[in-house]
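Trainee: Return a 3D structure for these sequence lines:
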Amino acid sequence: MLGRVLGWLGLGDGDTAADADAADADLDWADPDIEYGGDGPRRRYTCAECDTTIEGFGPDRQVTCPDCGTVFKGVLVPDHAVCPDCESRIDDAEFYPETRRDTEFADCGACGYRWESDPR
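Mentor: I've put the predicted structure just below:
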């Protein structure tokens, strides 16, 4: 471990860049098939006042009903998400975890699209 730290600082025993890249590859944990960060797929809501379907992004964004004008900000829980790849309904989603420190995700069963807000 000390050798890797010294190598990173440029004080090592002459490890080549290829050796460092190979060692760093062991630390890669992100899945290339998963989209990370951002607001994720569109959320589809039902207006609590007039039952109109509303689409929006992100938990802290304001959602305004186009029919009755009711404004919701972070209080309207989405019915489901819409897959950005195949436009299918995503029911396997978690947009409002118990704490904001938890990972939000959406997983499309139709095409395999997956999104995570905070890869851990």
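Trainee: Tell me, how many residues neighbour the closest residue to Ile34 other than its chain neighbours?
Mentor: Leaving aside its chain neighbours, Ile34 sits nearest to Arg114 (4.7 Å; criterion: Cβ to Cβ, 6 or more residues apart in numbering). The C-beta positions use only the backbone N, C-alpha and C, and glycine is treated the same way. Using other Cβ atoms under 10 Å, Arg114 has 17 other residues around it.
Trainee: Please pull out the lowest mean pLDDT helix or strand from the chain.
Mentor: helix 17-25 (a mean of 57; mean pLDDT, DSSP states H and E).
Trainee: so which strand or helix has Gly7?
Mentor: helix 2-8 (DSSP states H and E).
Trainee: Please identify the buried residues of that helix?
Mentor: Neighbour-count burial for helix 2-8, with 16 or more other Cβ atoms under 10 Å as criterion, is recorded at Gly7.
Trainee: Output the contacting helices and strands for it.
Mentor: Here helix 2-8 touches helix 17-25, going by 3 or more Cβ pairs under 8 Å, 6 or more residues apart in numbering; DSSP states H and E.
Trainee: Would you tell me what the next helix or strand after the helix it packs on is?
Mentor: The first helix or strand that comes after helix 17-25 along the chain, using DSSP H and E, is strand 34-36.
Trainee: List the buried residues in the helix or strand following that next one.
Mentor: Downstream of strand 34-36, the next assigned helix or strand under DSSP H and E is strand 42-46. By neighbour count on 16+ other Cβ under 10 Å, the buried set for strand 42-46 is 42-45.
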